[in-house]
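Undergrad: sequence first, predicted model second:
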There are 2 protein chains.
Amino acid sequence: MAQISVPSPADFHVHLRQGKLATLVTPHVREGGFALAYVMPNLKPPITSTAQALAYKAELEAIDPTVEYLMTLYLSPDLMPEEIVKAKEAGIVGVKSYPRGVTTNSDGGIESYEMYYPVFEAMQRVDMVLNLHGEVPSDAATNTHVLNAEPQFLPHLHSLHKAFPNLRIVLEHATTRAAISAVKACGPTVACTITAHHLALTVDDWAGQSFNFCKPVAKFPDDREALREVIWEGHSRFFLGSDSAPHPAHSKATSTPTQGCAAGIYTSPILLPLVAHLLESFGALDKLDGFVSTFGRRFYRRDLGAEQTDRVVLRKVSSIVVESTYGSGEDIVVPFWAGKEIGWKIV
Amino acid sequence: MAQISVPSPADFHVHLRQGKLATLVTPHVREGGFALAYVMPNLKPPITSTAQALAYKAELEAIDPTVEYLMTLYLSPDLMPEEIVKAKEAGIVGVKSYPRGVTTNSDGGIESYEMYYPVFEAMQRVDMVLNLHGEVPSDAATNTHVLNAEPQFLPHLHSLHKAFPNLRIVLEHATTRAAISAVKACGPTVACTITAHHLALTVDDWAGQSFNFCKPVAKFPDDREALREVIWEGHSRFFLGSDSAPHPAHSKATSTPTQGCAAGIYTSPILLPLVAHLLESFGALDKLDGFVSTFGRRFYRRDLGAEQTDRVVLRKVSSIVVESTYGSGEDIVVPFWAGKEIGWKIV
């Protein structure tokens, strides 16, 4: 019976929420096969200080102490270079930038980068990672919309990399061929996360189906092909960040014309089997190790020692049907791939 | 107080459904200010014969005899040139072509046009109109998706016009700048309908909001601009076809990840005030007459005589809030613009 094992899988982009929802979803990181979670700071209120990040980390550790949580701060005008130094000393790993208004809890996001250059200088000096939500806000006057929001962001990536060549930057959840090319063209300090769901979906899948709606939206088949290709070729600056983003089921549904659905797709509880299933579908199963563990760990300097033994074993199965929901009451969440089959199972 | 009057408004593309839904929505044609409805044939089963079309017309006339119903046949391999002659004699006006699988009840749609050339020859001879749903089916292998399905269809329009230069063709519900250009480049036998909702929506409006999902999907801001421009310039081969397409509210909502929502937006009950409101928003209110009546009537040879007096009067109002639903029980339908304001009212 076919088996594969992966050394200590690491999810370099995940939303673990707060309160009751955090209690439900945090254990799903381990359930989905992952030993490390790079935790996003877009809470209400956002995580903008070292003290908040450490308190949040303690909260997550209280829920599930078996996972390593790497923390990030939310970039906003309140974030000062002094706080960067303090954060680094406290073990906080990165700072996340959200363009204003493009996704969940991003109302306090950035509008232009120049004002943050002192913060980026401090980050470069102390060696923190800048995580970019790479989209510009929609604007009909400039023909900017959800489909070209990422390509139009790429000049910002280029400028930031040029201005701060030693600053480690991650373009998060890339969805376009243009983004893959842009990251490839950068130096070794620039990497890129790719989600599981963007390896499966295209625009046709979220047209009329709000449960497949996320930001950035899934793009065209040729864009999906570019994401698959870069994994298939085993490029070491491209690795998994699931962007697993749980929302209560009622906020993913659309029941009236005046309320849009929340942006986000939830993959945590099935993540490693799902990624194996998808990589196998395009002939890249032999790149699973790199994509879900070693490439990201190397970039983030969380390499595993030679003697580490925390391997997760996947077994090939005829099929496992994904649960239709997790949780109960108000906090039901619907996973991606609900009711569909996956050919791999964590042993 | 500002008033405008429009001579006998004509909607050259509307879905009136069947059974209880037809009973609900057919009177909304008149309620929305329209005296003529060009009726789509995509029922279950589709209207493929003269006899069916006449029976359907009688059904609609029994519901509301005050509207003129122009009937169409559904293009399929069952439709023979002899039936075209019969249909023309019975007063049927057009034949509608649906590419396979792209919208509501289009499973029996066409895959390639050459096999229909004998039908088109008969149509050209007897002077019937060919109505094209101008999209090709999505296909990941060729990077064809809901956003480029219309541009990729345009070579078919060009070929058909070249092969049948005297056949009157209408490209229905154009949504892209490319389609507007393609129709403009054709001769006087090719016209184009534009819906009300495509003058308002872009892709951002249906991303995560299934009530705004229709086929063709609303495209980019620059495409919407092209639709507005061609109306603003008063081009006589571009006129209203609302594609008003009622679906029960429960089939427009998305409540599970496995069921997509029905494609269609319902504008009939508010159509003329809505179109006036939208044209006014981009400075084209003076083109209302042409867009909703005279241009389409001329192309379809339904010109009004000089003495006709069936004018609909609109009065400028501070605001009318659009109903949130029409109907009751299972047959509730949610109109476009529900809960939003319109600045014009039918007197």
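TA: Nice, I can see it. Residues are numbered from 1 along each chain as shown, chains lettered A, B, ... in the order given.
Undergrad: contacts, neighbours, all on C-alpha from now
TA: Fine.
Undergrad: pLDDT weak spots in chain A?
TA: Applying pLDDT under 70 to chain A flags the ranges A:1, A:101-103, A:105-111, A:305-309.
Undergrad: quick check: residues of it near chain B?
TA: Residues of chain A lying close to chain B (Cα under 8 Å from any Cα of the partner chain) are A:138, A:140-141, A:143-146, A:203-204, A:206-213, A:220-222, A:250, A:252-263, A:334, A:338-339.
Undergrad: which of those residues are buried, as a ChimeraX select command?
TA: To isolate the buried members of the residues of chain A next to chain B in ChimeraX, using 16 or more other Cα atoms under 10 Å in any protein chain shown:
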select /A:138,144,145,146,203,204,206,207,208,209,210,211,212,213,220,221,222,250,252,253,254,255,256,257,260,261,262,263,334,338
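Undergrad: taking the residues of chain A next to chain B one by one, which sit in helices?
TA: Taking DSSP state H, the ones among the residues of chain A next to chain B that sit in helices are A:Val203, A:Asp204, A:Trp206, A:Pro221, A:Asp222, A:His250, A:Lys252.
Undergrad: which residues are in contact with the fifth one?
TA: By Cα atoms under 8 Å, 6 or more residues apart in numbering or on different chains, the contact set of A:Asp222 is A:Arg177, B:Ala140, B:Asn143.
Undergrad: let's see 6 Å
TA: Counting by Cα atoms under 6 Å, 6 or more residues apart in numbering or on different chains, A:Asp222 touches B:Asn143.
Undergrad: the last one now?
TA: Taking Cα under 6 Å, 6+ apart as the contact definition, A:Lys252 lies against A:Phe211, A:Cys261, A:Ala262.
Undergrad: distance of it relative to A:Gln259?
TA: 10 Å (Cα to Cα, to the nearest Å).
Undergrad: and if you look at the first one?
TA: Remark: distance between A:Val203 and A:Gln259 (Cα to Cα) = 21 Å.
Undergrad: which parts of the stretch 1-150 of chain A are strands?
TA: A:3-7, A:10-14, A:36-39, A:68-74, A:94-97, A:129-132 (DSSP state E, counting those that start in this stretch).
Undergrad: okay, now A:Ile63: neighbour count?
TA: 16 (other Cα atoms under 10 Å in any protein chain shown).
Undergrad: look up how far chain B lies from it.
TA: 28 Å (Cα to the nearest Cα, to the nearest Å).
Undergrad: and that residue, how far is that from B:Lys184?
TA: From A:Ile63 to B:Lys184 the distance is 64 Å (Cα to Cα).
Undergrad: one step back: which one of the contacts of A:Lys252 is nearest B:Pro155?
TA: Minimum separation from B:Pro155 among these (Cα to Cα) is found for A:Phe211, which lies at 34.5 Å.
Undergrad: could I get the longest strand seen in chain A in PDB with only the CA atoms?
TA: The longest strand of chain A (DSSP state E) is strand A:311-321. What follows is strand A:311-321, C-alpha atoms only, in PDB (Å, rounded to 0.1, in the frame of the first residue of the first chain):
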ATOM      1  CA  ARG A 311       7.100  12.900  10.200                       C
ATOM      2  CA  VAL A 312       3.500  12.800   9.100                       C
ATOM      3  CA  VAL A 313       2.600   9.700   7.200                       C
ATOM      4  CA  LEU A 314       0.000   9.700   4.400                       C
ATOM      5  CA  ARG A 315      -1.500   6.500   3.000                       C
ATOM      6  CA  LYS A 316      -3.100   6.200  -0.400                       C
ATOM      7  CA  VAL A 317      -6.700   5.300   0.000                       C
ATOM      8  CA  SER A 318      -9.400   4.600  -2.500                       C
ATOM      9  CA  SER A 319     -11.300   7.600  -1.200                       C
ATOM     10  CA  ILE A 320     -12.100   9.700   1.800                       C
ATOM     11  CA  VAL A 321     -15.100  11.900   1.700                       C
END
